[in-house]
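# got a structure for you, letters missing:
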């Protein structure tokens, strides 16, 4: 089915108006001492009156002291007892025409004639149909239900005791915010904002929201939106009678397996001190995360494996209060969260953290604090091969330092200095004996007298001795390497000079090789065999 967007989609089968009343009865009498109103026709129950109803009592004489508003305390077929009467109850026998009406009058949506609660009804269709019903004379004996607060039915105000009949009716209203005024006093009773979003990936997924700050209330209620694949509904933000005021906090989230996690703080986004009864757009558009799912959106690892198998079970998230410190390049920074890991890749850590923040009602904090997964923002995000963590990561492999950023407790990204790690992979002849020295030089100075050997990140020479098939590992600080005037933060062309020494290999220069800012560079050097060398006698 689709959303009802025109009044023609509303019929007497799917839009029902409820009024509860006894009309112009001469069967009604009053006993003041017991606050009782009697109906000799015994129709209070069949008419639909209930305990707690606020009613309007109108006798034919406008000066009748029994006229006014009252609250029903008990209901039987032939009598009701009332309290909080705004007039003066006075004994009166039956005979004078009397109308008793429930102050609250409602309209109700029913799933019939093409209307369903999932797709709902546009507010403009509802207001148009209500106007038509009054124009047709069907309900013009009653006060008109609403006033317009914003154009195109963006916000409608229900007055004179009118309001939606039940929660299904509230939940089915689309595109429109609602304000309810008290039918007796005309004062504000309740405010509902309308929130809506674009469609989610594939038009699937149910987002949810909470209206209290979890830092103050870790168990703040998490509520699903009523629609699937998008958001468009009413949310209560103020209820005067029940002292509810939720205008200053509203955060929502979409978190689905294989997709990006999106959290939206509406109050901050709107830069407002208080939300009001009007429509708001939620920027909740998610996307397939290539580190979590394939191009079709199928998760790369299922949730059962993440929950039960290593290395995922070796990955934990712990918040800290007070902060803890971690050192990066010799400087201590404060962090309010630590991600611990053993034997896991960055992608596997990202998969576990994504799984944690999808555990809506589970405490995902491995420490003494409480953080429901549903309240948590994304704890890691990938851009290309670079990952940002909300907190520090203990157990980070050296090979991931270049591609990892850590958000500290002040919200500042911290990172290790970019390292260029590289290895020389030496391959020697099969009958190789002895040893051969090697040195690395910047190409820009090679061939110049007294050219300096290239420095590593600690200021030591990139040099060593070849004694067989072997790998020699080195690293430099890429962003600050400026030896011999080299522009820092740019790739470094190098040559490797390998001497023959007392071996059966020729002294040769290998390269050029280019050292870039990554940690997986390996340069293969095959030594050249010679028979033209004899050691001195």
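Nice, thanks for sending it over. Because the structure is predicted, anything quoted here is derived from the model rather than measured. Residues are numbered from 1 along each chain as shown.
# residues near residue 22, how many?
When counting by other Cβ atoms under 10 Å, one arrives at 20 neighbours for residue 22. All C-beta atoms are positioned from the backbone trio N, CA, C, and that covers glycine.
# how about residue 230?
Neighbour number of residue 230 under other Cβ under 10 Å is 21.
# please report how far it lies from residue 32.
57 Å (Cβ to Cβ, to the nearest Å).
# which residue ranges of the protein form helices?
44-47, 123-135, 167-172, 266-270, 303-308, 346-356 (DSSP state H).
# distance to residue 338, mean neighbour count and mean pLDDT for those - can I get that in TSV?
What follows is the helices of the chain, written out as TSV (distance: least, Cβ to Cβ, whole Å; neighbours: other Cβ atoms under 10 Å; pLDDT from 0 to 100):
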stretch	distance to residue 338	mean neighbour count	mean pLDDT
helix 44-47	64	16	95
helix 123-135	48	19	95
helix 167-172	41	18	97
helix 266-270	26	15	97
helix 303-308	20	13	97
helix 346-356	12	23	98
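# could you dump these into TSV with distance to residue 235 added?
TSV is the format used below for the helices of the chain (distance: least, Cβ to Cβ, whole Å):
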stretch	distance to residue 235
helix 44-47	34
helix 123-135	14
helix 167-172	10
helix 266-270	10
helix 303-308	29
helix 346-356	27
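# nearest to residue 256, of these?
For the helices of the chain, proximity to residue 256 was assessed by Cβ to Cβ; helix 346-356 is nearest, at 9.7 Å.
# run a quick neighbour tally on the closest residue to residue 527 other than its chain neighbours.
Distance criterion Cβ to Cβ, 6 or more residues apart in numbering; nearest residue to residue 527, sequence neighbours excluded, is residue 505 at 4.3 Å. When neighbours are counted by other Cβ under 10 Å, residue 505 registers 21.
# residue 480 touches residue 486, doesn't it?
No - when contacts are counted by Cβ atoms under 8 Å, residue 480 is not listed as touching residue 486 (10.5 Å).
# who has more neighbours, those two?
residue 486 (16 against 11).
# any idea of the pLDDT on the more buried one?
Note on residue 486: pLDDT of 96.
# now the phi/psi pair for it, please.
Main-chain dihedrals, residue 486, degrees, to the nearest 10: phi -60, psi 130.
# show me the contacts for it.
Taking Cβ atoms under 8 Å, 6 or more residues apart in numbering, we find residue 486 in contact with 442, 444, 492.
# closest one of the residues you listed to residue 115?
Distances from residue 115 to the contacts of residue 486, taken by Cβ to Cβ, are shortest for residue 492, at 69.5 Å.
# so what touches the lowest-mean-pLDDT helix or strand in the chain?
Every helix and strand in the chain was compared by mean pLDDT, DSSP states H and E; the lowest is strand 146-150, with a mean of 89. With contact meaning Cβ under 8 Å, 6+ apart, strand 146-150 is reached by 127, 130, 155-159, 162, 177, 179, 277-278.
# out of these, which are buried?
By neighbour count, with 16 or more other Cβ atoms under 10 Å, these hold 127, 130, 155-159, 162, 177, 179, 277 as buried.
# can you tell me which of those comes closest to residue 345?
Among the buried ones among the contacts of strand 146-150, and counting by Cβ to Cβ, the member closest to residue 345 is residue 177, at 47.1 Å.
# pretty sure that closest one is touching residue 155, no?
Yes - between residue 177 and residue 155 a contact is recorded at 4.3 Å, counting by Cβ under 8 Å.
# quick check: neighbours shared by those two?
Common contacts of residue 177 and residue 155, defined by Cβ under 8 Å, 6+ apart, comprise 277-279.
# which ones among those map onto strands?
Counted as lying in strands by DSSP state E, out of the shared contacts of residue 177 and residue 155, are residue 279.
# possible to save the shared contacts of residue 177 and residue 155 as CSV with pLDDT?
Converted to CSV, these look like this (pLDDT from 0 to 100):
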residue, pLDDT
277, 97
278, 96
279, 97
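# separation between residue 372 and residue 356?
10 Å.
# distance of residue 193 from residue 128?
Distance, residue 193 to residue 128, using Cβ to Cβ: 22 Å.
# same check, this time on residue 87
38 Å.
# tilt between the strand ranked longest in the chain and helix 346-356?
In the chain, assigned by DSSP E, the strand with the most residues is strand 316-328. Calculated by axes from the mean of the first three to the mean of the last three Cα atoms, to 10 degrees, strand 316-328 forms an angle of 130 degrees with helix 346-356.
# which strands or helices does strand 316-328 pack on?
strand 331-340 (3 or more Cβ pairs under 8 Å, 6 or more residues apart in numbering; DSSP states H and E).
# hmm, try it at 10 Å
strand 331-340, helix 346-356, strand 392-394 (3 or more Cβ pairs under 10 Å, 6 or more residues apart in numbering; DSSP states H and E).
# would you state the strands of the stretch 51-200 of the chain in chain order?
For the stretch 51-200 of the chain, the strands defined by DSSP state E, counting those that start in this stretch cover 54-59, 68-75, 79-83, 98-102, 105-109, 121-122, 146-150, 155-158, 162-164, 173-174, 177-181, 188-197.
# give the rounded mean pLDDT of the fourth one.
Here strand 98-102 scores 95 as its mean pLDDT.
# list the buried ones in that strand?
Quick answer for strand 98-102 (16+ other Cβ under 10 Å): 98, 100-102.
# okay if I get the residues you listed as CSV plus distance to residue 20?
Below are the buried residues of strand 98-102 laid out as CSV (distance: Cβ to Cβ, whole Å):
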residue, distance to residue 20
98, 15
100, 9
101, 7
102, 4
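# where's the nearest residue to residue 207 once chain neighbours are set aside relative to residue 350, distance?
In space, residue 207 comes closest to residue 254 once its chain neighbours are excluded; the distance is 4.2 Å by Cβ to Cβ, 6+ apart. The gap separating residue 254 from residue 350 is 18 Å, by Cβ to Cβ.
# ok, residue 374 next?
Separation of residue 374 from residue 350 (Cβ to Cβ): 19 Å.
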